[in-house]
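Undergrad: Quick one, what's the 3D model for this:
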Amino acid sequence: MIAIESFAQPTPPANDNYIPMTLATPHKPNGHAPVMIDEVIEHLNLRDGGIYLDATFGHGGYARALLDHADCMVYGLDRDPLAEQRALGMMREYDGRFRFVRGCFGDLESLLHSVGVEQIDGVVFDIGVASSQLDDAARGFSFRHDGPLNMRMDGGRPNAADAVANMDVDTLAQIIEEYGEERMAHRVARAIVEARKEQPITTTSQLADIIRRVVPKSRDGIDPATRTFQALRIYVNDELGELERGLQQAERMLGTHGRLVVVSYHSLEDRIVKEFLKTRAGKTPNASRHLPAITPLHKPSFNLVTKKALGPGEIEIARNPRAASAKLRSAERSAAPVWPNLGGMGKLILHS
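TA: Residues are numbered from 1 along each chain as shown. Sure, this is the predicted structure:
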């Protein structure tokens, strides 16, 4: 289990992280280096004159590294309005070589088309939540700070308070169990439904207190509210659906030999990336070893660069324990046609 946050101990456990420090700007006073940046650069196979997309711009860590490594053009994409403000300085600094585009990476194809880009040579996804988002009480992501129960990365959908106010107990439990991997999901859902009869649940502290009353503390020090907060954030922002759509659109935008690199921090996300790449590479599993091999319905659109997920090295983990759960997968686009959208990988629950 990879949690969003845990503050029962001064230093989070190595596997207790869902907020990679990748999103802090490198080479600045507060600079945390992007997670697995050397591996990302290597697997993107950067070249001068290429066009690359940092699909999860955040504070610009990956985008800056790409621009410094090669004489290339980089587009940064992010749905967070604060990311757009941070990108302005980089646009001036890398005059003509960097451009920010505001929007969800699940819409990357139409967003790139809107700025005249028809094909790219590489794309990197860093699937996580910026620590700056968690630290801003007004955003309502964290149970550390009392704030409005929001959790939206942008303003375009119902927030977490709406979800806990309107869902029936079974739907709420399903979200908490599947997106948060919380074993006591039904107990938490019933407690939320009972509490909202007394008064509306509108703040992060209210929700956290409700959860802590019914979920005991774990021996590893992870706060009992961790998994439920994670589940609601994933649901509110449709994060797994966004990832599925982003991967499919990256397949359409990458030219032959273009590279796809994904760094994820959670088993749910990594499973989607793994299955997408395995399927697109024609690695269809056989129902039985005694049966003939199954021939894929479509020619492989990707060739796997990483046969298995890569993790950060010991030195990086020692410098940044929150990087310990990172997994990098990469693949290279073949000349085969784009596959039809198969759907269903990330949509465990239909978003209302």
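Undergrad: Can you pull the poorly scored residue ranges out of this protein?
TA: Residue ranges of the chain with pLDDT under 70: 1-33, 128-146, 153-157, 284-296, 342-352.
Undergrad: swap the cut-off to 80 and go again
TA: Along the chain, segments meeting pLDDT under 80 span 1-33, 128-146, 151-157, 220-221, 284-297, 322, 341-352.
Undergrad: all helices for it, in order.
TA: Taking DSSP state H, the helices of the chain run over residues 37-44, 61-69, 81-93, 108-114, 131-135, 160-166, 169-180, 185-198, 204-214, 226-236, 239-253, 267-280, 314-319.
Undergrad: For the closest residue to Lys299 other than its chain neighbours, give me the backbone phi and psi.
TA: Among residues not flanking Lys299 along the chain, Ala336 sits closest, at 3.8 Å (C-beta to C-beta, 6 or more residues apart in numbering). C-beta: built from backbone N, CA, C; applies to glycine. In this entry, Ala336 is assigned phi and psi values of phi -70, psi 150 (degrees, to the nearest 10).
Undergrad: Go ahead and confirm Ala336 touches Pro300.
TA: Yes. Between Ala336 and Pro300 there is a contact under C-beta atoms under 8 Å: 5.9 Å.
Undergrad: and the gap between the spatially most central residue of the chain and Gln248?
TA: The centroid of the chain falls nearest to Ile127 when counting by C-alpha atoms, centre = their mean (2.3 Å). In this structure, Ile127 and Gln248 are 15 Å apart, going by C-beta to C-beta, to the nearest Å.
Undergrad: Can you give me every residue that contacts the residue nearest to the centre of the chain?
TA: Thr56, Glu239, Leu243, Val262, Val263, Ser264, Tyr265, His266, Glu269 (C-beta atoms under 8 Å, 6 or more residues apart in numbering).
Undergrad: Nearest to Ile120 among the helices of the chain would be which one?
TA: With respect to Ile120, and counting by C-beta to C-beta, the nearest of those is helix 239-253 at 5.2 Å.
Undergrad: and the longest strand anywhere in the chain with helix 61-69, angle?
TA: Criterion DSSP state E: the longest strand present in the chain is strand 254-264. Between strand 254-264 and helix 61-69, the angle comes out at 130 degrees (axes from the mean of the first three to the mean of the last three C-alpha atoms, to 10 degrees).
Undergrad: which of the residues in strand 254-264 are buried?
TA: Of all the residues in strand 254-264, those buried under the rule 16 or more other C-beta atoms under 10 Å are Leu254, Gly258, Arg259, Leu260, Val261, Val262, Val263, Ser264.
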